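Novice: Here is a sequence with its predicted model. Questions after.
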Amino acid sequence: MINTIKKTGISIFIIAVILFSAGLKNADAVIIDQVIAVVNKTPITLYEFAKFNRQAFEDYEQMQNEASQGIFTQSDSATMSKTKGVLNILVDNILIKQEEEKAAIYISPKQLNAYIKAVALANNFTVSQFFNFLAKRGISKEAYIKQVKSHFMEVELLRKVYGNKMVITKRQLVDYYKKNIEEFRGEPKVDLKLIFLAVPSNANKKLKEEIYKRISKIRETAIAGNKSFSALAREYSEDPSEKNGGRIGYIYKNKLSPNFSDTAFKLHVGEVSGVIRTKFGYAVLKSVGKKMGSFKTFKQARPEIFSILEKYKTNKYLEKILKKARKRSYVKILIAA
């Protein structure tokens with residue numbers, strides 16, 4: 001079932017595992033036996049809640065401590081809502097595990113090892129190097145394997161319950177590609193030149209006005225064509241790009257500040273912008289080229305589309321399993337409102 005990444009359709013990105021800080025170790029004895037929810041015959045303790053979401057636990061504990069002192073705030077309702085939201089996620093996790101046990105789902109160590117080896121190779125690591133890489137980021141080998149196994153257990157459960165409905169056909173992949181073709185266009189970028197005049201942080205209103213008038217005149221000269229934009233940049237610009245005639249090269253939209261990108265991507269090639277106010281001074285841009293980005297072929301986009309459709313189907317059918325499981329299960333939240 002999981003002999004190769006290709007067969008599973010699982011993306012070869014590293015699965016992130018969020019580990020709970022060891023800071024709660026001293027509190028184990030206090031909170032480990034406090035049951036705050038029950039799922040069929042399985043209890044959920046405050047300790048498990050804390051391990052799952054430390055911030056939610058700390059917010060809940062603070063609210064409870066304040067309440068014991070007669071202190072109530074407007075945020076209590078939001079804290080309680082968040083607490084119950086996190087608890088319901090824990091309930092869902094337990095219900096899924098119980099459904100996996102009923103369906104006798106089993107993922108062998110051999111299958112997991114094959115997948116992990118493939119992920120390591122795909123990221124140019126040996127398995128040992130891969131786990132060292134994860135360890136440096138606070139993710140233990142055991143935690144990573146547990147997370148991967150949990151994911152595969154869910155996938156296998158869905159396949160067992162819904163069979164062919166979980167299959168992603170070539171026709172579905174092609175249809176998605178055609179209907180969402182714009183998603184697979186490369187990011188647009190613009191080739192820019194810049195003239196920048198700095199405004200000292202302690203500048204008064206008069207100095208700011210003088211610098212603004214100065215750059216406005218430079219802009220007018222550039223538009224009139226009496227002097228090239230590059231020559232003006234070399235002569236007046238206070239940005240390092242002045243050495244290159246103001247040329248800063250091709251830039252993607254998300255690499256620019258919002259006020260720069262909004263202006264830069266509206267300019268026609270050869271057009272000079274108005275004066276742009278920035279935190280550090282005034283700037284004028286000139287667009288000298290545009291690349292809209294080429295479309296990915298279906299072959300190039302196929303892995304991405306597969307991941308999108310797989311995620312959609314997984315979420316859709318897990319939701320159905322959980323809905324049915326909740327109807328036939330005993331679920332009780334025991335925390336006080």
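Specialist: Great, that's in hand. Residues are numbered from 1 along each chain as shown.

Novice: Now do the contacts for residue 97.
Specialist: residue 153 (CB atoms under 8 Å, 6 or more residues apart in numbering). From N, CA and C alone the C-beta is placed, and that goes for glycine too.

Novice: ok, and it, which helix or strand is that part of?
Specialist: Assigned by DSSP states H and E, residue 97 belongs to helix 76-102.

Novice: Kindly report the same for residue 190.
Specialist: Residue 190 belongs to strand 189-198, assigned by DSSP H and E.

Novice: and the angle for the next helix or strand after that strand with strand 189-198?
Specialist: Counting by DSSP H and E, the next helix or strand C-terminal to strand 189-198 is helix 205-224. When axes from the mean of the first three to the mean of the last three CA atoms, to 10 degrees is applied, the directions of helix 205-224 and strand 189-198 differ by 140 degrees.

Novice: Check the gap between the spatially closest residue to residue 321 that is not a sequence neighbour and residue 106 for me.
Specialist: Nearest non-adjacent residue to residue 321, counting by CB to CB, 6 or more residues apart in numbering: residue 99, 6.0 Å away. To residue 106, residue 99 is 14 Å away according to CB to CB, to the nearest Å.

Novice: Among these two, which residue is more densely surrounded?
Specialist: residue 99 (21 against 9; other CB atoms under 10 Å).

Novice: Next, the contact list for that one, please.
Specialist: 157, 321, 325.

Novice: still on that earlier bit, packing partners of the strand holding residue 190?
Specialist: helix 205-224, helix 229-236, strand 247-252, strand 281-291 (3 or more CB pairs under 8 Å, 6 or more residues apart in numbering; DSSP states H and E).

Novice: picking up where we left off before, confidence score at the residue nearest to residue 321?
Specialist: Each residue has a pLDDT score; the one for residue 99 is 94.

Novice: Show me what the helix or strand where residue 55 lies is packed against.
Specialist: Residue 55 is located in helix 54-68, with elements delineated by DSSP H and E. With contacts taken as 3+ CB pairs under 8 Å, 6+ apart, helix 54-68 sits against helix 46-52, helix 76-102.

Novice: ok, the residue at the greatest distance from the centre of the chain to residue 171 distance?
Specialist: What lies farthest from the middle of the chain is residue 226; by CA atoms, centre = their mean that is 48.5 Å. Computed as CB to CB, the residue 226 to residue 171 distance reads 61 Å.

Novice: try residue 282
Specialist: 55 Å.

Novice: Kindly list the main-chain dihedrals of residue 308?
Specialist: Dihedral angles of residue 308 (phi, psi; degrees, to the nearest 10) stand at phi -60, psi -50.

Novice: which residues touch it?
Specialist: When contacts are taken as CB under 8 Å, 6+ apart, residue 308 is in contact with residue 176.

Novice: if you set the cut-off to 10 Å instead, what comes out?
Specialist: 11, 168, 173, 176, 180, 183, 301 (CB atoms under 10 Å, 6 or more residues apart in numbering).

Novice: Can you tell me which of these comes closest to residue 162?
Specialist: In terms of CB to CB, no member of those lies closer to residue 162 than residue 168, at 12.4 Å.

Novice: Check what pLDDT the closest one gets.
Specialist: On the pLDDT scale, residue 168 gets 92.

Novice: any weak-confidence spans in the chain?
Specialist: Low-confidence segments of the chain (pLDDT under 70): 1-33, 336-337.

Novice: Leaving out sequence neighbours, find the closest residue to residue 149.
Specialist: residue 107 (5.5 Å).

Novice: Next, residue 292: phi, psi?
Specialist: Note on residue 292: its backbone torsions stand at phi -80, psi -20 [degrees, to the nearest 10].

Novice: Counting neighbours, what do you get for it?
Specialist: The burial count for residue 292: 10, using other CB under 10 Å.
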